Structure formats: C-alpha cells, structure tokens
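Chemist: turn this into a model:
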Amino acid sequence: MWQDIKLVYQTAWRCIWLLPLLFLISPVVEMAQHVVEIRTGMYDSLAAAKAVADDPLRMTFGFAKVIALALPTYWFIRLMAFGGPERAARFEWPAIGLWLVLFALSVVQQGYSLFGIPVGQVLGLTGKTAIWAGPVLAIVWSIIGIYLMAWVVAWTLGNRAIGPVRSFSVMAGSFWRTLGYSVACILPLMAVHYALGYLAIALTPAWLDWPVLILDALVVGLLACTMAGSSYIAARSAAARKNVDLAG
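Modeler: Here you go, the predicted structure:
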C-alpha cells in the first residue's frame, strides 16, 4: 500500500518535467484566483478574508479551479497506467469520449454544489434538518464516489465494459483501503494548501504574499495530480483482487 502511495507522489513530481504544460493548468487557474483575492483585500487580515469569502468573482474563479482540478483525471491516470507521457495526453478514442462524459458529470455536480439551490430547500425541509441535508448528502455522495472509482479509471483508459454497476462490484470489499489511499494522497497536500492560505492572510507581511501564493499554486498543481492518482491506485488494487483488467 505504501509503495502505491509513494508512486503517486513520485509521479506527481515527475509531471512537472514530463508534462509541464498540462501540470501548469491547475496552478495557473489557482494563481488567477489569488490575483482576484489580492485585489479584493482578502489577504489583508482574517476579518477581510471573511468579508470577501463569497465575492462573486472569487467564486467564479473558484469554479474554474474546480474544473482545472478535474482535468488531470485524464492524463495523470493514463500516465500512471501506461508508465510514460507518450499516451498520457494523447486523445485516444474511445478513452477521450468516455472521459468527457465523466468530466461533464463532475462539472455539473461541482457547479451545483457551488451555485445551486441548497438541498434542504429543494426538499422543502426546515430548521436544522435543512441545514444538515447538504452535508449529509455530500458524505453519501463521497461514499458512492469510492465505489465508482473503477468506472472512472476504466473509462479514462478506454474500457467501456466497466460502467457504474460493475464498478460497485469491482470496488466491493475495498472501501477502507480506498479511503486510506484517498487520505494519504490528498490530505497532506490539502493541509499544506490551507496552511499557506492562512499564512498569507494572517502571518506574512504584504510583500511576502506573492511568493507564498505562488508556492500555494504549485502545491495545488501537485494536489490535482495526487487526487487523480489516489483514484487510480485504489481502483487498480481493487481490480487486482477481483482479477479484473481496468484497461480492457
């Protein structure tokens, strides 16, 4: 398990040199959001950060960042599966078509979570029940997402034979292992990301904000890779236990 996790981080680091233009997509979008945040005064103080947290332009760039974070699910998964950059970013059919379906579903889901009507309101709930409806649904969706990882990886590799239903079968029995992969591959860089943001807001002088935020953007680039990588190693491990070939 630890060798798999180590491989994800190593491959993410190698992406900086192997596929620099693709790697830089997420950092560039993240940095664009930081520029908007600096102009709104978000990094002046904690009070200022709270005041502009829901700024419409910042939220728009936040949605762009969500899209940018989803892009490596194509090229990074393929990089890990095929071992080199030659096929990683190639638009192979049917892989690119299948992945675009997954990508569109992800964008719709993320867009609704950011800009859609609260779930509690849609369901006609009131009080605390309405407040908790959103977080509960998010947890349920995250659990379902674990069982859909084989589907995501298989379609990204061009294997249409593994759909959502079969994905549940492949991932069955691998829930806790998959959760461990996700925590190990995502949480450390996520913690660094939030720490750098807090550092820029509360602790550093204004002239240090730019270097800190540039570093943060690069961390987000690595995070985008490790998020995709965690899905790949989790699905690969589960598929190996069931003697299933994800690539078809």
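Chemist: tell me the pLDDT at K128?
Modeler: On the pLDDT scale, K128 is placed at 68.
Chemist: which positions in the lengthiest helix in the chain come out as buried?
Modeler: Ranked by residue count and defined by DSSP state H, the top helix of the chain is helix 206-241. Neighbour-count burial for helix 206-241 flags 209-210, 212-213, 216-239 (criterion: 16 or more other CB atoms under 10 Å). Heads up, the C-betas are built off the backbone N, CA and C, glycines and all.
Chemist: and for stretch 153-168?
Modeler: Buried residues in stretch 153-168, counting neighbours by 16+ other CB under 10 Å, are found at 153-159, 162, 167.
Chemist: I'd like to know which of the residues you listed is nearest to I131.
Modeler: Using CB to CB, S167 is the member of those that lies nearest I131, at 31.9 Å.
Chemist: contacting residues around that closest one?
Modeler: 147-152, 154 (CB atoms under 8 Å, 6 or more residues apart in numbering).
Chemist: now with 10 Å?
Modeler: 146-155, 235, 238-239, 244 (CB atoms under 10 Å, 6 or more residues apart in numbering).
Chemist: ok, D44 next?
Modeler: Contacts for D44 (CB under 10 Å, 6+ apart) come out as 38, 51-52, 201, 206, 209.
Chemist: secondary structure class of it, three-state.
Modeler: coil (DSSP: H, G, I helix; E, B strand; the rest coil).
Chemist: what's the answer for the one 10 residues further on, then?
Modeler: Here D54 takes the coil state, with states given by three-state DSSP.
Chemist: give me the buried positions along the helix or strand Q109 falls within.
Modeler: In the assignment (DSSP states H and E), Q109 maps to helix 95-115. Neighbour counts over helix 95-115 (16+ other CB under 10 Å) mark 95, 98-99, 102-103, 106, 110 as buried.
Chemist: run through the neighbouring helices and strands of the strand or helix carrying V36.
Modeler: Using DSSP H and E, V36 sits within helix 25-39. When contacts are defined as 3 or more CB pairs under 10 Å, 6 or more residues apart in numbering; DSSP states H and E, helix 25-39 sits against helix 46-52, helix 56-70, helix 72-82, helix 175-198, helix 206-241.
Chemist: okay, those helices in JSON lines with distance to A133 and mean pLDDT next?
Modeler: Putting the helices and strands packed on helix 25-39 into JSON lines (distance: least, CB to CB, whole Å; pLDDT from 0 to 100) gives the following:
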{"stretch": "helix 46-52", "distance to A133": "24", "mean pLDDT": "79"}
{"stretch": "helix 56-70", "distance to A133": "21", "mean pLDDT": "88"}
{"stretch": "helix 72-82", "distance to A133": "28", "mean pLDDT": "93"}
{"stretch": "helix 175-198", "distance to A133": "23", "mean pLDDT": "95"}
{"stretch": "helix 206-241", "distance to A133": "26", "mean pLDDT": "94"}
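Chemist: nearest to L22, of these?
Modeler: Closest approach to L22 among the helices and strands packed on helix 25-39 is made by helix 72-82 (5.4 Å; CB to CB).
Chemist: buried sites along that closest one?
Modeler: In helix 72-82, the ones that count as buried by 16+ other CB under 10 Å are 72-81.
Chemist: could you give the angle of it to helix 95-115?
Modeler: 140 degrees (axes from the mean of the first three to the mean of the last three CA atoms, to 10 degrees).
Chemist: which elements pack onto helix 72-82?
Modeler: Using 3+ CB pairs under 10 Å, 6+ apart: helix 72-82 touches helix 2-18, helix 20-23, helix 25-39, helix 85-88, helix 95-115, helix 149-156, helix 206-241.
Chemist: mind running it again at 6 Å?
Modeler: helix 85-88, helix 149-156, helix 206-241 (3 or more CB pairs under 6 Å, 6 or more residues apart in numbering; DSSP states H and E).
Chemist: tell me, how many neighbours does S174 end up with?
Modeler: Neighbours of S174 under the rule other CB atoms under 10 Å: 23.
Chemist: against L69, how distant is it?
Modeler: 24 Å (CB to CB, to the nearest Å).
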